[in-house]
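[1] no sequence on this one, just coordinates:
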C-alpha cells in the first residue's frame, strides 16, 4: 500500500512530542501531505509552528523514504496505525493514543484480561517476591501481564508470568529492535515468542529519559487493572498511576511496611482510595467476568522439609535477618543454622541478601 510508507515515515520520525503525532496528521489530512508540503503549507496546518515545520523539513531531507521503508519491511517488525483492525482496542479508546505502534510478536488479546504490574527498579527482596508471585499466579490464570521490561518489579513479574505459561507484553521507551535494559535480553527474546514487544517510537530510537513518561500511558491503557508493588512517592511509577486514573483504569497497591521508603508511594495511593491487594485472587475479583470465581490453587505450594530447615524457614521474612538472629530465635547453634539456610537457598526458598543475612524469597506451606 503506497500510502503506508508515508504513515511509517511520520510515525518513525524522531520528535520531541510524541503525543502530537496523530493530531497533526489528522489536521493535515494525510501523512503524504506532510511529506510533500513546503514550509509555508506546513505552517498553515494546525499544530505546526515555524520551528516544528523547520524540524520536519530538516528531518525528511535526511530520510530516503523508499529505502527506509523497504529496509523496515525486511526486519519482520509489524507497523500498526491507529485505524488498523489489529490496533489494540483498549489503547484506541483512550485519549492521546499513539498514531501507530511498532510491534514484535503479538499485541494483547481483546478477549483476555490484562493487568499491569509496575514498581521500583531497585526493589527490595519483599518486592521481588511479591512481583514474582503476582506474575506467576496471574499468568497461570490466563491473565496477560503488561509492563515496561525494566529492571526490578517490571521484569520480575513478566518473567514469572512467562514461567507460569502465560502471556506478557513489554512497552518500551525506545525502538522495538533495541533491548533495554541489556540485562533483560533473555526476557526480551522470550517475549517475542510468548507475548510481544510494543513501542510508539521508530526503530533504532535509543532509550532516553524523556521518552519513558509517554510510554507509561500505553502500559496503563493496555491494562484493565494497574498494580503497584513498590514505589516511592516521587517516581516514574506514579506517572503511570496518574495516567491510569485519567484513563479510567483501576489502580491497586500491594501494602508494605510503613517504615520502608519503597512503601511510601503505595501507602499514599492507598490513602487516596487505591485498593489494597495481597494475592492474585484479589486481582481476579477486581477483573470480574467470572475471574473472581477462580482461585490460584498453586499460589502456596506445600513442601516437605527436614526439621532444621523447617525451623529456619519459619523465622525468615522478605526482610533480611542475620544468622545470629535466626540462631537465637530457633535455638539452633550457628553451624546448624548456617547449614539449614544454605539448603534453603539451594532449594530456592531463601536467599543470602548480604554476607550472613538471609531473606525468604518464596512463600510455601512447609510440612
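    Looks like it came in fine. Since we're looking at a predicted model, the values are computed, not measured.
[2] okay, and residue 103 sits in which element?
    Here residue 103 sits within strand 100-105, counting by DSSP states H and E.
[3] name the SS class of the closest residue to residue 352 other than its chain neighbours, please.
    Leaving aside its sequence neighbours, residue 352 sits nearest to residue 358 (C-beta to C-beta, 6 or more residues apart in numbering; 5.6 Å). Quick note: C-beta positions are derived from backbone N, CA and C, even for glycine. Under DSSP: H, G, I helix; E, B strand; the rest coil, the three-state class of residue 358 is strand.
[4] just the one 4 residues further on next, same as before
    Applying three-state DSSP to residue 362 yields a three-state assignment of coil.
[5] separation between the nearest residue to it once chain neighbours are set aside and residue 207?
    Spatial nearest neighbour of residue 362, chain neighbours left out: residue 349 (5.2 Å); criterion: C-beta to C-beta, 6+ apart. Note on residue 349: its distance to residue 207, by C-beta to C-beta, to the nearest Å, is 35 Å.
[6] which of those two has more neighbours?
    In terms of neighbours (other C-beta atoms under 10 Å), residue 349 is the more surrounded of residue 349 and residue 207; the figures are 21 against 16.
[7] dump the residue contacts of the more buried one.
    303, 313, 360-362, 364 (C-beta atoms under 8 Å, 6 or more residues apart in numbering).
[8] please indicate which of the residues you listed are buried?
    Buried subset of the contacts of residue 349 (neighbour count, 16 or more other C-beta atoms under 10 Å): 303, 313, 360-362.
[9] which one of those residues is nearest to residue 128?
    Proximity of the buried ones among the contacts of residue 349 to residue 128 (C-beta to C-beta) peaks at residue 361, which lies at 6.9 Å.
[10] and the closest residue to that closest one other than its chain neighbours, what are its phi and psi?
    Counting by C-beta to C-beta, 6+ apart, residue 361 lies nearest to residue 351, which is 4.7 Å off, once chain neighbours are set aside. Per-residue torsions, residue 351: phi -150, psi 140 (degrees, to the nearest 10).
[11] model confidence at residue 351, what's the number?
    On the pLDDT scale, residue 351 is placed at 87.
[12] same check, this time on the one 4 residues further on
    The predicted local confidence for residue 355 comes out at a pLDDT of 89.
[13] for burial, what's the neighbour tally of it?
    When counting by other C-beta under 10 Å, one arrives at 7 neighbours for residue 355.
[14] next, find the distance separating it from residue 176.
    In terms of C-beta to C-beta, residue 355 sits 41 Å off from residue 176.
[15] equivalent analysis for residue 337, please.
    49 Å.
[16] the more surrounded of the two?
    residue 176 (27 against 24).
[17] thought the more buried one was touching residue 203?
    Yes: judged on C-beta atoms under 8 Å, residue 176 makes contact with residue 203 at a distance of 6.8 Å.
[18] between those two, what contacts are shared?
    77, 102.
[19] how many other residues sit next to residue 234?
    With other C-beta under 10 Å as criterion, residue 234 counts 10.
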